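Participant: Structure, please.
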Amino acid sequence: MELVPLYAIALLLWILSMIRCLHYMKLGNMAKGTQTHADAIPPVSIIMTTHNQESLLREKLPVLLAQEYPNDYEIIVVDISSSDETIPLLESLEEEYHNLRHTATPATARDISLQRLALTLGIKAADNEWLVLLSPDCNPSGSEWLSNLCASCTPEKDAVQAFVHYKEVHGWNAHKWQFMKLWQQMLWIPFNEHHAPYRSDGSCLCYRRSKFLEHQGFASHANLIAGAEELMVNHNVKSGHFTTALTPLSIATQDAPHSDHHWRQDQVFFMETRQYMRHSWLYRIWYACLVLLQLIFNMVFIPFAIWHYPNYYVMAGFAFLWLIHLLTRDYCFNHTAKALGAKTYHFTLPLMVNLVPLWDITAYMHWKFSSKQTFRKKFI
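Facilitator: The predicted structure is shown next:
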C-alpha cells in the first residue's frame with residue numbers, strides 16, 4: 001500500500017506527458033482549418049531591409065515581382081550601407097518593374113538601431129495599409145504565395161504571421177536548427193491565437209501601417225539591435241487581433257543560418273529581447289512547465305520502472321506505457337510537420353526533445369554573462 005502514492009505520481013506524469021504530446025497536434029489542426037478568401041485580399045506593401053545581400057535579392061526579387069496578386073502590391077527595399085552591387089541591381093530592376101522602389105539609411109543615424117531605422121523608412125514610404133515585413137533570405141512557395149498569405153489580412157486583424165521553416169540541408173547543426181524553429185512555432189503560434197501575442201517571426205510578418213504609426217514605431221525599444229518585429233507585435237497587438245497563415249501556398253522557407261555560431265547568437269539575442277516583452281509571464285510559465293515535464297518524466301518514470309526489477313510484470317507495464325508515450329509523441333509531432341511541409345523527425349525526436357533544456361540554458365548563460373552593450377546600438 002505504501003507504493004500506491006508513487007504509482008499515482010508515475011501515472012499522473014504519464015497522463016500529463018500524453019497531454020503534452022497531443023499539444024503538438026494543435027498547429028497541424030489549425031493548418032487544416034485555414035481557408036483563403038480571395039475576394040477580400042487588400043493591396044499590400046512588401047518591406048525588405050538588406051545589407052550586402054545582392055545575391056539573395058537577385059534570386060528572390062524576380063519571384064516576388066512575378067506574383068499573381070489580385071490587387072495592387074509594391075516592394076520597397078531599404079539598403080543598410082551595402083558595399084556590394086545591391087544598389088546597381090535595384091536600379092536595374094526598377095527600370096523593368098514599376099512596383100519596385102528602394103531607399104537607404106543614412107550612415108549618420110544615432111538615436112535608433114539601423115534595422116529599426118530601415119524598417120521605419122520603408123514603412124513610412126509605403127502606400128498601403130497592410131505591410132509584409134519580409135527577410136531577403138525567405139523563399140516564397142510560388143507565384144500564388146503572396147495572395148495566399150494576404151488572404152488572412154482581414155479587417156478584424158492587426159497582424160498575420162506566416163509559418164516559416166528552414167530549408168532542408170544536411171548535417172547535425174542543420175538538423176538542430178530546423179527542429180528548434182519548428183518546435184518553438186508549435187508552442188507559440190497556438191498560444192498567440194488564444195492569448196495576447198507573445199512571440200512572432202519577423203522574417204515574414206504582415207502588419208498594419210496605421211498600427212505602426214499609432215504606437216510611434218519602435219519608440220519603446222529604439223536602441224536594441226534585435227527583436228524589432230517581435231516587440232512590435234508583443235507590445236501593440238491585442239488578443240484576438242493576431243492570426244497565422246497556414247495554407248500550403250502561404251508557407252515560406254528560410255535559408256538556414258550560416259553557421260552554428262549565428263544560430264546560437266540568435267538564441268542569445270532573444271534572451272535579451274524577452275526582457276522587454278509584456279504580458280509574458282503566462283507563456284514563460286507554461287513553456288517552463290512543458291520543458292520541465294519532459295525531464296521530470298524521464299527522471300521519475302524510468303528509474304521507478306527499473307527499481308521494480310526483477311518484477312517483470314510491473315516493468316513490462318511501465319515499458320508498455322513508455323512505448324505508448326513515444327509512439328504518440330512521434331505521431332503528433334510528425335503529423336504537424338508533414339501538414340506544414342517541414343522536415344519530419346522519427347529516430348532523433350526523443351534526443352532532440354530532451355536537448356531543448358540544454359540549448360535554452362546555454363543561451364541563457366551566454367546572455368547572462370554578456371555585456372548589455374552587446375545588444376544595443378553602438379553610438380559613434
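
Participant: hey, where'd the helices end up in the stretch 151-300 of the chain?
Facilitator: Using DSSP state H, counting those that start in this stretch, the helices found in the stretch 151-300 of the chain span residues 172-194, 209-214, 228-236, 260-273, 281-307.

Participant: next helix or strand past the last one?
Facilitator: Put plainly, it is helix 281-307. Once helix 281-307 ends, the next helix or strand along the chain (criterion: DSSP states H and E) is helix 312-339.

Participant: In CSV, list the helices of the stretch 151-300 of the chain along with mean neighbour count.
Facilitator: Any C-beta I mention is one placed from the backbone N, CA and C, and that applies to glycine too. Putting the helices of the stretch 151-300 of the chain into CSV (neighbours: other C-beta atoms under 10 Å) gives the following:
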stretch, mean neighbour count
helix 172-194, 19
helix 209-214, 15
helix 228-236, 22
helix 260-273, 16
helix 281-307, 14
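
Participant: In CSV: these, plus mean pLDDT.
Facilitator: Output for those, formatted as CSV (pLDDT from 0 to 100):
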stretch, mean pLDDT
helix 172-194, 93
helix 209-214, 95
helix 228-236, 94
helix 260-273, 94
helix 281-307, 80
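
Participant: Tell me which of these lies nearest to residue 254.
Facilitator: Closest to residue 254 of the helices of the stretch 151-300 of the chain is helix 172-194 (C-beta to C-beta; 8.0 Å).

Participant: quick one, that closest one and helix 228-236 angle?
Facilitator: 20 degrees (axes from the mean of the first three to the mean of the last three C-alpha atoms, to 10 degrees).

Participant: Run the chain-centre distance for helix 172-194.
Facilitator: 7 Å (C-alpha atoms, centre = their mean, to the nearest Å).

Participant: if we can go back for a sec, so which of the helices of the stretch 151-300 of the chain is nearest residue 5?
Facilitator: Using C-beta to C-beta, those put helix 281-307 closest to residue 5, at 11.7 Å.

Participant: To residue 250, which of the helices of the stretch 151-300 of the chain lies closest?
Facilitator: Nearest to residue 250, of all the helices of the stretch 151-300 of the chain, is helix 172-194, at 13.3 Å by C-beta to C-beta.

Participant: pull the CA atoms of that closest one into CSV?
Facilitator: The C-alpha trace of helix 172-194 is given here as CSV (Å, rounded to 0.1, in the frame of the first residue of the first chain):
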residue,chain,number,x,y,z
TRP,A,172,23.7,17.7,-37.3
ASN,A,173,23.7,21.5,-36.8
ALA,A,174,21.1,22.0,-39.6
HIS,A,175,19.0,19.2,-38.1
LYS,A,176,19.1,21.0,-34.8
TRP,A,177,18.2,24.4,-36.3
GLN,A,178,15.3,23.0,-38.2
PHE,A,179,13.9,21.2,-35.2
MET,A,180,14.1,24.2,-32.9
LYS,A,181,12.4,26.5,-35.3
LEU,A,182,9.5,24.0,-35.9
TRP,A,183,9.2,23.1,-32.2
GLN,A,184,9.1,26.7,-31.0
GLN,A,185,6.4,27.6,-33.5
MET,A,186,4.4,24.6,-32.4
LEU,A,187,4.3,26.2,-29.0
TRP,A,188,3.9,30.0,-29.5
ILE,A,189,1.7,30.1,-32.6
PRO,A,190,-1.3,28.3,-30.9
PHE,A,191,-0.7,30.3,-27.8
ASN,A,192,-0.8,33.6,-29.8
GLU,A,193,-4.2,32.6,-31.3
HIS,A,194,-5.8,32.3,-27.9
